[in-house]
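*Asks:* How does the following fold in three dimensions:
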Amino acid sequence: MDPLLGVKIGCLAGLLVVPLLCGLIPAQVQWFQINMARGKHRRILSIIGCFAAGVFLGACIMHMVADALGDIKSEIEKYQQQGALVPKQNTTSASDDSEDYPFGELIISFGFFLVFFIESVVLSCCPRAVHSHGDAEAHDDHKGTPESHSSFRAFVLFLSLSFHSVFEGLAIGVQKEDTGAIQLCLAVLIHKAIVAFSLALKLVQSGTKARWRVLYLVVFALMSPVGIAIGIGVSLTNGDGSGLAQAVLEGVAAGTFLYVTFLEILPYELRSHESPLAKFAFIGFGFFIMAVIAIWA
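*Replies:* Coordinates of the predicted model:
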């Protein structure tokens, strides 16, 4: 077996097992169930939740949005160099206009408004459903919030993270040197393990049923290995592992994650009764972890 192929298969296995284990801990262990928490137990869970919110904020800005903007820009520049996006009779001025226009931001905004629209439709169809996180305090925080509201956002969170994971795996699968593949895999592994834990915690907070939590986490864990497998196939056939369509889809995924991060995750944690400075510190710490990982990932 080719040593590089062996390294990639090892990366595939690691990115399947480790995030799955990290996700199943808060998803299945009763200690993490928010409806059982009281006193100090609840404060600890609130702190962990704030850390998770910081992780999602960092993943959103430092990874998903940054990756999408970079990929969209590079793909547009590639097409411009090929002359596919500009008319031949006025190449210079048209190229300048297209370079100035924020195509990446537009695509990310489309993802944001897509989720906004779908959620508005869901809320219009389920106006009387009331969501509860399981105890009086959480119920008061979410009084009048439709059950489909939080459940839908939890699903969008899972979907956008899973989609992004495919591209992370793809980046590993198309590596041409084993050293580069290992370094990128370690960075993605740390990133995905922390995100899997945070995703599971958010699924618990949203009231997602146990069987659905497990299903979401299994699918999420599979996404990076699927991306690696696709990347291996692309590298074996000497194909191009990137494309404008992939960059656009990644931008849409980033926009959906942006919506959930700022309209569901952060507001939920900021409504808790813990010290504002403590919440700031742990949200900032979670963001810092993702910012550091972005150096290598």
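
*Asks:* Helices of the stretch 51-200 of the chain, start to end?
*Replies:* 66-81, 91-100, 103-125, 136-141, 147-173, 178-205 (DSSP state H, counting those that start in this stretch).

*Asks:* can you count the residues close to the residue lying closest to T261 once chain neighbours are set aside?
*Replies:* Computed as CB to CB, 6 or more residues apart in numbering, the closest residue to T261 that is not its neighbour in sequence is C60, at 4.5 Å. In short, each C-beta sits where N, CA and C put it, glycine included. Per other CB atoms under 10 Å, the neighbour tally for C60 reads 25.

*Asks:* distance between the ends of stretch 203-215?
*Replies:* 11 Å (CA to CA, to the nearest Å).

*Asks:* Could you check how many residues crowd around I194?
*Replies:* I194 is flanked by 21 other residues according to other CB under 10 Å.

*Asks:* can you tell me which residues contact the residue nearest to it when sequence neighbours are not counted?
*Replies:* Of all residues not flanking I194 in the chain, V55 sits nearest, at 5.5 Å (CB to CB, 6+ apart). By CB atoms under 8 Å, 6 or more residues apart in numbering, V55 lies in contact with 194-195, 198, 286-287, 289-290.

*Asks:* please redo it, this time with the cut-off set to 10 Å
*Replies:* Neighbour list for V55: 191, 194-195, 197-199, 201, 265, 283, 285-290, 293 [criterion: CB atoms under 10 Å, 6 or more residues apart in numbering].

*Asks:* again, but for H164
*Replies:* 59-60, 63-64, 67-68, 192, 195, 223-224, 227, 250, 253-254, 256-257.

*Asks:* and of those, the nearest to G173?
*Replies:* G227 (6.3 Å; CB to CB).

*Asks:* how close does that closest one get to Q246?
*Replies:* Note on G227: its distance to Q246, by CB to CB, to the nearest Å, is 11 Å.

*Asks:* Name the residues contacting each of those two.
*Replies:* In contact with both G227 and Q246: 166-167, 170, using CB under 10 Å, 6+ apart.

*Asks:* mind showing which ranges of this structure have poor pLDDT?
*Replies:* 1, 34-37, 83-99, 126-150, 237-242, 297 (pLDDT under 70).

*Asks:* Nearest the geometric middle of it, what residue?
*Replies:* L161 (3.0 Å; CA atoms, centre = their mean).

*Asks:* Would you check that that one makes contact with I194?
*Replies:* No: using CB atoms under 10 Å, L161 is not in contact with I194, being 11.7 Å away.
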